[in-house]
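Q: coords below, sequence missing:
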């Protein structure tokens, strides 16, 4: 190797050394211009009273997280009694500006940092988070160590030193494995709850539609029953007229009487069939419970029963009825007849004075004690009219107070056993529907009557025999 070759090699080595020195100086300067919170070149640098500098956004975020607790410097941990004032570091900002102008590569956009979200940073100088749900892949921004714990109070992952001597000393923490398992369990529970919620919403929607359909059908049935009662009353009136005519013919040709009666009944049935707004399934099989009688063996000792077994009245005087297992302790009485199927209708007249109740009950109703009173148990359904002239519907001690005041002393009761419906109607020039109970009947049903107070009475008003409309 000649002299010239040695000189060139020496110059090349010195160039390499100068370049290394320049790179080292640049690295040292960059380290001086790096924020210890986000590990990026300062952005709008500010200084705390202790002398340490940070990006303005970074230190404000740190102070916001510290909140009402003791404020401290992230670098030296110096404590401040109140939130420290931030001073703009103008000379440091100028150094940053000069450095960036001579090192344009520092501005290359990289992957966003997990901790400093205010600016993009180069991937080679920052702790990055892989796109994964695993908490164990994150590192502490301060200690640059793999995170091992999860702080539930701050909802953040921390390194062991953060737990022992950092801001999370008194916080409730747990290992990342435990936190991850809990999170997975909560996710599974949430998914199940969301499915149940969707099912519940579908069920509610279905029930709402069913309720609407039932209400529409109930409204239609109520109108049909009112029309049916009107037809039945017209029919009874026509039959009573025929009966009076027959009684007037005390002597006459029985054959002629039979023909006349038959033609009258044919005409009545024709009138009924012309009532198109009354459905056929309502008309067929409706029994007029007009042969209903009162059962004196069930009458309480403060009620009297008329000789025709149709009227029950309240009495101040104890009647000392014979003691029987069926007898009520209080002033009420059952019908001797019961209904275990079919559709039935009967009418009741009530007094203007006193209190009274009408309805139906199972024969297994108690005979003594407060639960033996009609409506005060789950075995009876009734309408009560008090001295205030208002109607109250009662079942199982639940009271529905109607806003309608009584305007007639006659009531009609319609029972559809299979459909589980008991309807009450006020009978006057215009038939008025008062209320309908719905239930699933499980025993035969008796009519039941209760009276109380001076001049209080109830009477089964129908006089014809039970029949079916065909």
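A: Nice, thanks for sending it over. What you see is a predicted model; the values in this text were computed from it and never measured.

Q: Now do the buried residues in stretch 197-205.
A: Under the neighbour-count criterion of 16 or more other CB atoms under 10 Å, stretch 197-205 has nothing buried. C-beta: built from backbone N, CA, C; applies to glycine.

Q: what mean pLDDT does it have?
A: The average pLDDT within stretch 197-205 is 88.

Q: Begin at 40, not 1, for the rest of this chat.
A: In the new count, where the first residue is 40, that last one comes out as stretch 236-244.

Q: Quick check: chain neighbours aside, which residue is closest to residue 138?
A: What sits nearest to residue 138 in space, not counting adjacent residues and going by CB to CB, 6 or more residues apart in numbering, is residue 72, at 5.7 Å.

Q: which ones are touching the one you found?
A: By CB atoms under 8 Å, 6 or more residues apart in numbering, the residues touching residue 72 are 80-81, 131, 134-135, 138.

Q: how does it look with 6 Å?
A: Residue 72 makes contact with 80-81, 135, 138 under the criterion CB atoms under 6 Å, 6 or more residues apart in numbering.

Q: any idea how far it lies from residue 492?
A: 100 Å (CB to CB, to the nearest Å).

Q: and if you look at residue 115?
A: From residue 115 to residue 492 the distance is 93 Å (CB to CB).

Q: same question, residue 469
A: 29 Å.

Q: Which one of those two is surrounded by more residues?
A: Counted by other CB atoms under 10 Å, residue 469 and residue 492 do not tie: residue 492 has more neighbours, with 15 against 10.

Q: Touching, the more buried one and residue 394? I think so.
A: Yes: using CB atoms under 6 Å, residue 492 makes contact with residue 394 at a distance of 5.3 Å.

Q: Common neighbours of those two, please.
A: Common contacts of residue 492 and residue 394, defined by CB under 6 Å, 6+ apart, are absent altogether.

Q: Tell me who's in contact with the closest residue to residue 492 other than its chain neighbours.
A: Of all residues beyond its chain neighbours, the one nearest residue 492 is residue 393 (3.2 Å), with distances taken as CB to CB, 6+ apart. By CB under 6 Å, 6+ apart, the residues touching residue 393 are 492, 494-495.

Q: let's see it at 8 Å
A: For residue 393, the contacting residues are 353, 426, 490-496, by CB under 8 Å, 6+ apart.

Q: Can you say which of these are buried?
A: Here, 16+ other CB under 10 Å leaves 353, 490-491, 495-496 buried among those.

Q: hmm, which two among those residues are most spread apart?
A: Maximum pairwise distance in the buried ones among the contacts of residue 393, criterion CB to CB, is 10.7 Å, between 491 and 496.

Q: quick one: common contacting residues for those two?
A: Here residue 491 and residue 496 have 353, 393, 395 as joint contacts, going by CB under 8 Å, 6+ apart.

Q: got a pLDDT number for the first one?
A: We note a pLDDT of 96 for residue 353 in this prediction.

Q: quick one: residue 358 from residue 461, how far?
A: Distance of residue 358 to residue 461, computed by CB to CB: 30 Å.

Q: Looking at those two, which has the bigger crowd around it?
A: residue 461 (24 against 14).

Q: picking up where we left off before, mind checking pLDDT for the residue nearest to residue 138?
A: At residue 72, pLDDT is 85.

Q: mind checking how far it is from residue 114?
A: Distance of residue 72 to residue 114, given as CB to CB: 15 Å.

Q: Return the set of residues that bridge with residue 396.
A: residue 423, residue 489 (DSSP bridges).

Q: Pull the contacting residues for it.
A: Applying CB under 8 Å, 6+ apart, the residues contacting residue 396 are 371, 413-414, 421-424, 433, 487-489.

Q: can I get the residues you listed in CSV with neighbour count and pLDDT?
A: Output for the contacts of residue 396, formatted as CSV (neighbours: other CB atoms under 10 Å; pLDDT from 0 to 100):
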residue, neighbour count, pLDDT
371, 27, 97
413, 26, 96
414, 23, 96
421, 25, 97
422, 26, 96
423, 19, 96
424, 23, 94
433, 21, 97
487, 23, 98
488, 26, 98
489, 26, 98
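
Q: which of the residues you listed lies closest to residue 445?
A: Using CB to CB, residue 424 comes nearest to residue 445 of the contacts of residue 396, at 5.7 Å.

Q: who's in contact with the closest one?
A: Residue 424 makes contact with 389, 394-396, 430-431, 445, according to CB under 8 Å, 6+ apart.

Q: Check residue 340 too.
A: By CB under 8 Å, 6+ apart, the contact set of residue 340 is 357-360, 366, 370.

Q: where's it relative to residue 402, distance?
A: Distance, residue 340 to residue 402, using CB to CB: 20 Å.

Q: can you pull out the strands in the stretch 90-239 of the chain?
A: Here the stretch 90-239 of the chain has its strands, by DSSP state E, counting those that start in this stretch, at 92-94, 110-111, 118-119, 126-127, 188-190, 195-197, 212-214.

Q: doesn't residue 334 make contact with residue 488?
A: No: contact between residue 488 and residue 334 fails when scored by CB atoms under 8 Å: they sit 10.4 Å apart.

Q: Overlap of the contact sets of the two?
A: Residues within reach of residue 488 and of residue 334 at once, by CB under 8 Å, 6+ apart, are 372-374.

Q: Among those, which one has the most neighbours?
A: Using other CB under 10 Å as the neighbour criterion, residue 372 leads the shared contacts of residue 488 and residue 334 with 25 neighbours.

Q: circling back to that earlier point, nearest to residue 234 among the shared contacts of residue 491 and residue 496?
A: Of all these, residue 234 sits closest to residue 395, with 54.5 Å by CB to CB.

Q: okay, now the closest one: neighbour count?
A: 25.

Q: Ok, the one 5 residues further on next?
A: Applying the criterion other CB under 10 Å, we find 24 residues in the vicinity of residue 400.

Q: Residues in a beta bridge with it, which ones?
A: Residue 400 has these beta-bridge partners by DSSP bridges: residue 419, residue 485.

Q: looking at it, it is touching residue 418, isn't it?
A: Yes: with contact defined as CB under 8 Å, residue 400 and residue 418 form a contacting pair (5.8 Å).

Q: which among the contacts of residue 396 gets closest to residue 94?
A: residue 433 (76.1 Å).

Q: So the closest one: helix, strand or coil?
A: Secondary structure state of residue 433, per DSSP: H, G, I helix; E, B strand; the rest coil, is strand.
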